[in-house]
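# Provided below for reference: sequence and predicted model.
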Amino acid sequence: MSDVDVLVRGGTILDGSGEPARTGDVAIRGDRIVGVGDLGAVDPKLVVDAEGLAVAPGFINMMSWSPESLIEDGRSQSDLRQGVTLEVLGEGLSMGPLTAEMKDELERRGLANPLVEYEIEWTTLGEFLGWLERRGISANVASFVGASTVRIHELGYEARPPTEDELDRMCRLVREAMAEGALGVASALIYPPATSSTTEELVALASAAAEFGGSYASHIRGEGAALLGSIAELIEIAGRSGARAEIYHLKATGRPNWPKLGRAIEIVEAARAEGLPVTADVYPYHFSGTGLDSCIPPWAHEGGFDALVERLRDPDVRARVVEDLGSVVDGWENPFREGGPERIVVAGFRRDALRDLTGKTLAEVASIRGTTPEEAVMDLLIEDDNNVNALFFEMSEDEVRTVLALPWVSFCSDEESQAPEGIFLKANPHPRAYGAFARVLGRYVREEGILPLEEAIRKLTSLPAENLRLEGRGRLRDGFFADLVVFDPGEIRDHATPDDPHRYATGVAHVLVNGTPVIAKGEHTGATPGRFVRGPGAPPPA
């Protein structure tokens, strides 16, 4: 074989299919794989010695919150050092399409990381992803268009169904995003304003995406008491729209609801048996991470975050919120009540004055401040003028083991890809930002034997690629893009913890993105070959 740029030599090949591993080489020319197996005499420009190591397709992070962290630092270090070569964005909210008012709010408050400052030079989702690629990124990026984003574009933060004309315009925005390269449309139904989205609205948006071969992904309406009905709603949307459907980070939250998980799995598998393409993803932790504003009932969010903060200054509103926090409120899963203030940890603030509280439970914060946990929630949101990142310890590790072994479940971080430096050190991320994928392969494959290595690699690579209809990615195969990870199955492990989250995983030796080494001998090369990976409805780039 001649004219080879990179030869990954002598590794244990896990090609992404789930079939047994074999020893061999992978040859790369430009950005494509041109040979896999015993390739004999090859004279490449670069040899990557993989003897004693595993060679797999690059991992796909099915649900990432990295748009702003990649603006701040395009190296994508915490994920690349675990083998992730594609970040999938857009859970409910996406970086386009934007109105002038949405641009102003995004610049003031941010999408996921309020510490990252940037000027918006784009309007549509496709423009953002192209802009990000031109800035230089080390991993590939793809995105869903957010159902909440198109809703805010047309309705603002009004808590009502769209009119027929508004829904038509929302569907048009989805079609435009699909033509630009979106993967589909995604909702996050536990967060306002999506709490006001009706099933009919979501069917219409998913149908618009399905016209282009796109998927419907959802952080479903409820993961606790409403889990089963919420999964049934997603299946209904899939069936009526013709879209593939993905459940974001499948779980059952709140101890009383843990027994519902088995029935939830049965519902999904029954739908799959009937031919509906329903899948899910999971992060391998028994605690979640989201904004503390999720502890405020949806009625208080109408009008957006600025309106919420103003309401929380009103004594009558505060009294009503306190009452709701201790109650069962129809149509709202109350994480404050289900988890309790002793199991909610504040993790990230916008304001320097509050950062001494990072890592403390709400109960501890209330004690320090001489107030109640309910009042502490409202006061922190007002003082930080932001949603306040928090960890919620509300799941069972046994359910994590059950879900991650399911053959139709892939993996995600539900976090940013960061680095332990600069502004990232001003907040504590969920440890999944640094350890989700290494934790799957170290803790649950090697140490606990929950699933075989070959199957775990399939679920990290070809399964999400096929679900997202990404051609040429997710396998080690001739003609496929050369996204590769070379790692030590006996050593890969996560090190990040809630108390010490900024710790890189170890065990990954080399990572290539589009044929270019970005991690070599465990260190970042500084290369930025990442691309905007377009979904099934977009024409291929010229």
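That came through fine. Note that the coordinates shown come from a computational prediction; the quantities given were computed from them, not determined experimentally.

# per-domain residue ranges of this protein.
59-286+395-487, 291-392 (automatic domain parsing).

# hey, which of those is tucked in deepest?
domain 59-286+395-487 (a mean of 22; mean count of other CB atoms under 10 Å). (Each C-beta comes from the backbone N, C-alpha and C, glycine too.)

# contacting residues for Asp478?
33-36 (CB atoms under 8 Å, 6 or more residues apart in numbering).

# same question, Ser462
Counting by CB under 8 Å, 6+ apart, Ser462 has contacts 16-18, 57, 474-475.

# pLDDT (mean, whole number) over stretch 228-245?
What stretch 228-245 shows for mean pLDDT is 98.

# for the most centrally placed residue in the chain, what are its contacts?
Geometric centre of the chain, nearest residue: Met63, 2.0 Å, by CA atoms, centre = their mean. Listed by CB under 8 Å, 6+ apart, the contact partners of Met63 are 88, 91, 217, 248-249, 281, 412-414.

# where do the strands sit along the stretch 101-250 of the chain?
140-143, 145-146, 184-188, 215-219, 244-247 (DSSP state E, counting those that start in this stretch).

# of all these, which lies closest to Glu105?
strand 145-146 (13.9 Å; CB to CB).

# avg pLDDT for that closest one?
98.

# what about that strand, distance to the chain center?
13 Å (CA atoms, centre = their mean, to the nearest Å).

# just checking, what packs against it?
Packing partners of strand 145-146 (3 or more CB pairs under 8 Å, 6 or more residues apart in numbering; DSSP states H and E): helix 164-180, strand 184-188.

# tilt between the first one and strand 184-188?
Which is helix 164-180. If you take axes from the mean of the first three to the mean of the last three CA atoms, to 10 degrees, helix 164-180 sits at 120 degrees to strand 184-188.

# residues in contact with helix 164-180?
Counting by CB under 8 Å, 6+ apart, helix 164-180 makes contact with 94, 96-97, 124-127, 145, 150-151, 153-155, 162, 182, 184-185, 201, 204-205, 207-209, 211-212, 214, 534-535, 537-538, all of which sit outside it.

# how distant is that helix from the center of its chain?
Worked out by CA atoms, centre = their mean, helix 164-180 lies 23 Å from the chain centre.

# over to stretch 357-374?
Using CA atoms, centre = their mean, the offset of stretch 357-374 from its chain centre is 29 Å.

# and that stretch, end to end?
16 Å (CA to CA, to the nearest Å).

# then stretch 200-219?
Termini of stretch 200-219 sit 17 Å apart (CA to CA).

# for stretch 183-200, same thing?
End-to-end for stretch 183-200, by CA to CA: 21 Å.

# in what helix or strand does Val317 lie?
helix 315-325 (DSSP states H and E).

# after that helix, which helix or strand is next?
Following helix 315-325 toward the C-terminus (DSSP H and E): helix 335-339.

# who are the packing partners of that following helix?
Counting contacts by 3+ CB pairs under 8 Å, 6+ apart, helix 335-339 is packed against helix 373-384.

# pLDDT weak spots in the protein?
541-542 (pLDDT under 70).

# identify the residue spatially nearest to Ala353, adjacent ones excluded.
Glu383 (7.6 Å; CB to CB, 6 or more residues apart in numbering).

# please look at that neighbour and Arg350 and confirm they touch.
No - if you go by CB atoms under 8 Å, Glu383 and Arg350 don't touch, sitting 9.5 Å apart.
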